[in-house]
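A.B. asks: what follows is a predicted protein model with its sequence.
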Amino acid sequence: MPSGPERLLDEPAGPVEFHRARSLVLAHPGRWRVIYHYDGDGIAAASSALRAFRRLGYPVQATPLLAVERPRMVDLLSATAGPVLVVDTGASWLDAYANHAHPVVILDHHKYPGAPHPPELPKHVAFVNPLNWGVDGMDELCAATLTWLFTVFLDEANWDNAPWGLSGAIADRQHQNGFHGLNARLVAEAEARGLVKRRPRLALFGTTVGEAVARSIDPFVRGLSGRPAAVKTFLEGLGIEAALPRSELSEPDERKLGQALLGRLVHQKVRPEFAALLTQDGYLLPGLKVDAQELSNWQNASGRAGEPSVGIALALGDRAALARAREHEEAWRSGILATLVRLEEKGVNSLSAIQWFESEESTLAGTQAGLAMNYLVDPNRPLFVFSKGEGVLKISGRGTLYLVGRGLDLSQVLRTAAAKVGGEGGGHRVAAGATIPAGARDEFLSEADRLVAGQLPQEAAA
């Protein structure tokens, strides 16, 4: 029976990939550059990596990528006179690493061309992707849990990276319907080690009960989220004071509130798996004295505010980073709420098989689209959001696991539609992104609509 982290993996190919990457890291104790995606999953993955490098005594530099940016990756490799670790991005550009003169380790869970069969790579390049050994990177292992597991292969003391593994998985929404697959094994190990504590709670966060409901975005409750006055009236009807500190809400009142909110979610025709997130068990992180979802929000918000380094500093124990992360979370929540309220009131644009809208906040667009998909729009058609970059349009596409089960593959849709208009894209079947030329929106939409219509049965695309 395998010992160590190998025991968590069913397929022999997994440990082989991890050990190859481990050998490269341990054989090169100099300065490393960590390149990571700037969202909550990427920040959490980079956090675990930097904590592990610090434990090894390695100097390290962390650099974020803000989109699907092959030219940026190529430039970074050219500018780096040393080894590179890439997390939560890069799987689609495996050819770019062969010419780097130093070791490159890629830890990515996204679908790539040719998956699950990676190309032959030179000895100085190690590619670890769960798709290669039969684990679904869409919902069984994210970049943060993948990187957490890799750091355990480096040193079992790195089990204490559990908070960043969980926070990244929640940011990537892999906690929906509860953790399963390899994620579940990792979480169970962390629980057994006392690093996390599963507990019942309502997924409402705020200083007061009224604030927690009015500022709720996940779930987004029609008529209440973003509307403090309506929340006050709603709570009075339940016999609950809006000004009551959230921490002082009694268990009976918490149950009463949960039931009332669930009733509203059912009335607004939210799919059961999303409504269930309200009452799904949370994970307390005893070492940080915070719920893993709150930590996830802090890191994700820091990245979306253009300061992903704040999320990483938080993981490295910088006390000043916590206050800054809280500020970012407040602004992040406000920006998301404003857009969701607007979409609630005005709706989105519709084609035959897809829906779309525009966002003024490019760093929030993906989150806005994901939450709108879950709580506001037609659940039978995927949703696309467009935002402006420097001379380009950024696109985030969001579906649901229900649609994936019916045939949706947004990774293929965005990659193909973007390529047709001179852009590039990729991601997961349920969530993907792309970058296209600024004037190519309508042509992209037409192609994406055609592709989705071909993937989904007529009754799901109607």
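C.D. replies: Arrived safely. Numbering: from 1, shown residues only.

A.B. asks: run a quick neighbour tally on the residue lying closest to residue 4 once chain neighbours are set aside.
C.D. replies: By the measure of Cβ to Cβ, 6 or more residues apart in numbering, the closest residue to residue 4 outside its immediate chain neighbours is residue 156, 6.6 Å from it. Every C-beta, even on glycine, is put in place using the N, C-alpha and C of the backbone. A count of neighbours around residue 156, defined by other Cβ atoms under 10 Å, yields 11.

A.B. asks: make sure residue 156 is actually in contact with residue 52.
C.D. replies: No: contact between residue 156 and residue 52 fails when scored by Cβ atoms under 8 Å: they sit 11.2 Å apart.

A.B. asks: retrieve the pLDDT associated with the most centrally placed residue in the chain.
C.D. replies: Of all residues in the chain, the one closest to the mean position by Cα atoms, centre = their mean is residue 172, 2.4 Å from it. Residue 172 carries a pLDDT value of 93.

A.B. asks: with the one 4 residues further on instead?
C.D. replies: Note for residue 176: predicted pLDDT of 87.

A.B. asks: hey, which helix is longest across the protein?
C.D. replies: Taking residue count as the measure and DSSP state H as the definition, the longest helix of the chain comes out as helix 319-346.

A.B. asks: and the contacts of the next helix or strand after it?
C.D. replies: Stepping forward along the backbone from helix 319-346, the first helix or strand reached (DSSP states H and E) is strand 349-350. Judged by Cβ atoms under 8 Å, 6 or more residues apart in numbering, the contacts made with strand 349-350 from elsewhere in the structure are 355, 356, 357, 378, 381.

A.B. asks: how far off centre is whichever helix or strand comes after strand 349-350?
C.D. replies: From strand 349-350 onward toward the C-terminus, using DSSP H and E, the following helix or strand is strand 355-358. In terms of Cα atoms, centre = their mean, to the nearest Å, the centre of strand 355-358 is set 20 Å apart from its chain centre.

A.B. asks: now do the buried residues in strand 355-358.
C.D. replies: Of the residues in strand 355-358, those scored as buried under the neighbour-count criterion (16 or more other Cβ atoms under 10 Å) are 355, 356, 357.

A.B. asks: likewise for stretch 73-85?
C.D. replies: Residues of stretch 73-85 classed as buried under the neighbour-count rule (16+ other Cβ under 10 Å) are 73, 76, 77, 80, 83, 84, 85.

A.B. asks: with secondary structure and distance to residue 130 added, can I get those residues in a markdown table?
C.D. replies: Converted to a markdown table, the buried residues of stretch 73-85 look like this (DSSP: H, G, I helix; E, B strand; the rest coil; distance: Cβ to Cβ, whole Å):
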| residue | secondary structure | distance to residue 130 |
| --- | --- | --- |
| 73 | helix | 21 |
| 76 | helix | 24 |
| 77 | helix | 24 |
| 80 | coil | 26 |
| 83 | coil | 23 |
| 84 | strand | 21 |
| 85 | strand | 17 |
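
A.B. asks: which one of these is nearest to residue 179?
C.D. replies: Ranking these by separation from residue 179, with Cβ to Cβ as the measure, puts residue 85 on top at 24.9 Å.
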